[in-house]
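*Asks:* Everything below, folded, please.
(chains A and B)
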Amino acid sequence: MLMLAARDVTKRYGDIIALNRVSLELSRGEVFGLLGSNGAGKTTLMKIFATLLRPDSGVAVVGNADVVRDPLRARRMIGFVPENPSLYDKLTGREFLNMIARLRNMKQADADRGISEMRELFRMGAELERESDGLSRGMKQKLAVSSALFHRPPVLILDEPTNGLDPRFAKVLKDWLKDYSRAGNTILLSTHVTQVAEAICDRIAIIHDGGLVALGSVREVCSKTGAATLEDAFTTIVGDS
Amino acid sequence: MSAFSIHAADVVQSARFSTARYSKHRISFPLSILQFLGSIWLILRIVELVNTSNAPIAMPITPGSLLFAAFMIALGKGAIDGYNRMVRNPSLVFLLQQPLSRRSIVAAKLATVFSFNLAFVALALGSATAMIAGLHMQIPATGLFIPSLVLAAIGGLASGFAFSVAASLSTWRKKITGLASLAVVPAIAWLVLVQNEPPLGNMFAFLLAVVPPTMASAFGTSEWLAEAWNVQTSSPGKSGLRSSRAFRLPWMTEPEAALFDKEIKTAWRRREITISIATLILLTVALSSFDFLLGGPPSGPLARFTIPALAMAGAYIGAALVLTSKGLSSIGGEFDSIWIVRTAPVEGHAVAVGKVSAYLIIVPAVVIVSLPLSLMAGLPWAVTVMLAFGALVVSFLMIAVGLYFGARSPSFDRNTGGLPDSFTMYAVFILGLIACVVVFAPAPLVFMSDRVLGLLVAILMADFSALLLAFVVRTTGNNIDALEV
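*Replies:* Here you go, the predicted structure:
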């Protein structure tokens, strides 16, 4: 069953073509990694799936909801973390998560359960009761990731989710995501860290200059380029351009 | 040289923000210019009419009070700009870490505040001069008033800039010491310009003398810049007093209530509600002092309009300061956090309802501003009720105008606190004024011949303005839904 699909998606910013007829499909229970150089178009594609941007042409679908025609239904199915998440600086972590729960019409018991799970997962204690503007970069990232995970959406769209997390919590998150996908949920994540993609992604795509230049499992992409590691394969495909 | 580089970067950034906003709505720019010129003409025409008809306006408007008002407006604008562009600006970290003196940073930011605001003053005065000359308007202008006005603007901007730093220091003791030291200048300005009312030449000399100390105080803040910036950008999150109580109104849906709660908590913790209430209290006191200054009931053929006109002017100023500005920054003020509501499964309309509901809790305070003057003057109760409805109309319309423009073309610029440029703000304030006059005018006109009917018309106009606000909330919701970020 398809959970995320892009068909010939094109997006321009003025004269710059950020995405050029990109097509890809993600199945239920799949972890899909987007790799690419800075400015390659990864974030644009994720923002289109998250309904923050509209494609100039082509179609993007979450579940069976077109992100342009039915954005609310698409949003009900997703949890999204942007690349540099900015939070409401005067809300505490708990208030922020409760706000997300209320925006999603969650029952308070479910919200409390989800918040407790995230508190345990990321070892958030008193920080959860502090206003966001006094929190560290890593703590803010934990909160942003928690806001996408705690309501347990069937589709997660995570732009550089391990940014700012120390290695211990980056591993915690990777393990959680693997388990979550095994439960039948779909995850689209972008990363600059090829080891993250190697560790958890079932398939990856490499975006370069707005177009898909490689698609397949990590092993397939490596074997196509004759590289031993994904890092080498990436460098070979993207080159020095 | 380093200060110039920083200033140049500020100018380029602001120009690009404005260009981007105007290019999205190409008609906005010519409309703003037309509106700007139209409002200048309107003001000049009113002054000309008053001048040529010899109508007794029975209001203590003197060159001194006008110059003091200009000084205080500039002070407020300087404080807001200094706060947003420097003290509360997270990207200042890239300047603070460079091998350049704090004084260079302050000089650059001060230059930015001066250039943007004085360009606006120059444009306004230039347009007025061209109109007076081109249309042969009979405006009583003495040679020294305009230079005095420019000096008042310079002194006010510099003072306000220094206030923004002093108010951001780490302890109450430092804050009070700083603010009390800086308050000396506006206090002396009030004594000299308003209380003493010397000849214009002396006022010019006074303002000329005020500029160097205000500039020195602005530059002097460089000593405390790092402290103020640290306090404002990385204050430790408070854990002791964070109530988990959720604010909501009974008729709200859960998402609307969530956003209302967030707005209330944010505004309270940023002290925006306190500042708004303090501003309105100051305005009420200032308005009440007019009664004292008038020294009894106003006289002359237009005297019966003096108190109501002052009360409505107070409501308008209060609404513009605390409501329109909130409306203007309603979307832009979300800054990079806009992704949160744009990826939540809620319609833009719910976001707009949550936000506007939070602004509406200030409306009773704006209505109260319009009442004391009328009560102190012993006007009939019907007039006081009329003024209350007038203030209600003004409040609804000023929110609606701010919200409409703030959502139509939001500014996500942290340098301006999510507010658009001065030019747009001025245009919005004037448009709001015109809307208030046009919508509420039928009520007092009917009231003069039939009080009961006049009051009924006032209620009708309040309903109409609320309906208009509801319509703007709906269009704002559509704008939020259409937003690409």
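
*Asks:* where are the low-confidence patches of chain A?
*Replies:* A:240-241 (pLDDT under 70).

*Asks:* Same question for the stretch 101-250 of chain B.
*Replies:* Using pLDDT under 70, the stretch 101-250 of chain B drops low at B:141-142, B:234-244.

*Asks:* Specify the residue ranges that define each domain of chain A.
*Replies:* Domain ranges of chain A: A:2-77+A:153-238, A:86-152, per automatic domain parsing.

*Asks:* what's near enough to touch residue 170?
*Replies:* You didn't pick a chain, so chain A it is. Applying CB atoms under 8 Å, 6 or more residues apart in numbering or on different chains, we find A:A170 in contact with A:T162, A:V196. Quick note: C-beta positions are derived from backbone N, CA and C, even for glycine.

*Asks:* should've been chain B
*Replies:* Contacts for B:S170 were tallied using CB under 8 Å, 6+ apart; they are B:E227, B:N230, B:V231.

*Asks:* hang on, the earlier thing: which one of the domains of chain A lies nearest to B:P345?
*Replies:* domain A:2-77+A:153-238 (4.1 Å; CB to CB).

*Asks:* Let's have the contacts of B:S170 in CSV, adding neighbour count.
*Replies:* Listed next are those as CSV, based on neighbours: other CB atoms under 10 Å in any protein chain shown:
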residue, neighbour count
B:E227, 15
B:N230, 15
B:V231, 18
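
*Asks:* out of the residues you listed, which are inside helices?
*Replies:* Applying DSSP state H to those, the entries found in helices are B:E227, B:N230, B:V231.

*Asks:* Among the residues you listed, which ones lie close to chain A?
*Replies:* Counting by CB under 8 Å from any CB of the partner chain, nothing from the ones in helices among the contacts of B:S170 sits close to chain A.

*Asks:* measure A:F96 to A:T235 for me?
*Replies:* Using CB to CB, to the nearest Å, A:F96 is found at 39 Å from A:T235.

*Asks:* swap in B:N196?
*Replies:* 77 Å.

*Asks:* B:D413 too?
*Replies:* 38 Å.

*Asks:* More neighbours: the two, which one.
*Replies:* B:D413 (22 against 14; other CB atoms under 10 Å in any protein chain shown).

*Asks:* residue ranges for the strands of the stretch 301-450 of chain B, please.
*Replies:* Using DSSP state E, counting those that start in this stretch, the strands of the stretch 301-450 of chain B do not appear at all; there are none.

*Asks:* actually chain A, sorry about that
*Replies:* Per DSSP state E, chain A carries strands over the ranges A:2-13, A:16-27, A:31-36, A:57-62, A:65-66, A:78-81, A:155-159, A:186-190, A:203-208, A:211-216.

*Asks:* Once you drop chain neighbours, what's closest to A:M118?
*Replies:* Nearest residue to A:M118, sequence neighbours excluded (CB to CB, 6 or more residues apart in numbering or on different chains): A:S146, at 3.8 Å.

*Asks:* Next, count neighbours for that neighbour.
*Replies:* Using other CB under 10 Å, A:S146 has 25 other residues around it.

*Asks:* How about chain A: which residue is closest to chain B?
*Replies:* Proximity of chain A to chain B (CB to the nearest CB) peaks at A:G134, 2.8 Å away.

*Asks:* List the residues that contact the spatially most central residue of chain B.
*Replies:* Central residue of chain B (CA atoms, centre = their mean): B:L321, 3.8 Å from the mean position. Taking CB under 8 Å, 6+ apart, we find B:L321 in contact with B:S276, B:T279, B:L283.

*Asks:* Just confirm yes or no for the helix or strand containing the first one near chain A.
*Replies:* Remark: B:S276 resides in helix B:272-294, with elements defined by DSSP states H and E. No - figure legend: helix B:272-294 not in contact with chain A (CB under 8 Å from any CB); closest approach 9.9 Å.

*Asks:* Could you check how far that helix is from the centre of its chain?
*Replies:* Relative to the centre of its chain, helix B:272-294 is centred 14 Å away, using CA atoms, centre = their mean, to the nearest Å.

*Asks:* If you count contacts, what does it end up packed against?
*Replies:* The contact analysis (3 or more CB pairs under 8 Å, 6 or more residues apart in numbering or on different chains; DSSP states H and E) places helix B:272-294 against helix B:254-269, helix B:303-319, helix B:363-369, helix B:372-376.

*Asks:* can you rerun that using 7 Å?
*Replies:* Counting by 3 or more CB pairs under 7 Å, 6 or more residues apart in numbering or on different chains; DSSP states H and E, the packing neighbours recorded for helix B:272-294 are helix B:303-319, helix B:363-369, helix B:372-376.

*Asks:* just so I know, which of the ones you listed lies nearest chain A?
*Replies:* The closest of those to chain A is helix B:363-369. By CB to the nearest CB, the value is 21.3 Å.

*Asks:* can you pull out the helices in chain A?
*Replies:* With DSSP H applied, chain A shows helices at A:42-49, A:71-76, A:93-103, A:108-121, A:137-149, A:167-182, A:194-200, A:218-225, A:230-238, listed in chain order.

*Asks:* Give the buried residues for the longest one.
*Replies:* By neighbour count with 16 or more other CB atoms under 10 Å in any protein chain shown, helix A:167-182 contains the buried residues A:F169, A:A170, A:V172, A:L173, A:K174, A:W176, A:L177, A:Y180, A:S181.

*Asks:* Farthest-apart pair in those, please.
*Replies:* A:F169 and A:S181 (18.6 Å).

*Asks:* Next, format the contacts of B:L321 as CSV and append pLDDT and distance to A:G79.
*Replies:* Formatted as CSV, those follow (pLDDT from 0 to 100; distance: CB to CB, whole Å):
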residue, pLDDT, distance to A:G79
B:S276, 89, 36
B:T279, 86, 41
B:L283, 86, 46
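
*Asks:* mind giving me TSV with the residues you listed and columns for distance to A:L35?
*Replies:* As requested, these are exported to TSV (distance: CB to CB, whole Å):
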residue	distance to A:L35
B:S276	49
B:T279	52
B:L283	58
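
*Asks:* Just the closest of those to chain A, please.
*Replies:* B:S276 (15.7 Å).

*Asks:* Could you pull up the residues touching the residue nearest to the closest one when sequence neighbours are not counted?
*Replies:* Counting by CB to CB, 6+ apart, B:V322 is the residue found nearest to B:S276 once chain neighbours are left out, at 4.1 Å. Residues in contact with B:V322 (CB atoms under 7 Å, 6 or more residues apart in numbering or on different chains) are B:S276, B:T279, B:L280, B:I362.

*Asks:* Now that we have the residues you listed, can you turn them into a markdown table and tack on distance to B:V428?
*Replies:* A markdown table is the format used below for these (distance: CB to CB, whole Å):
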| residue | distance to B:V428 |
| --- | --- |
| B:S276 | 18 |
| B:T279 | 18 |
| B:L280 | 20 |
| B:I362 | 18 |
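
*Asks:* Sweet, I'm off.
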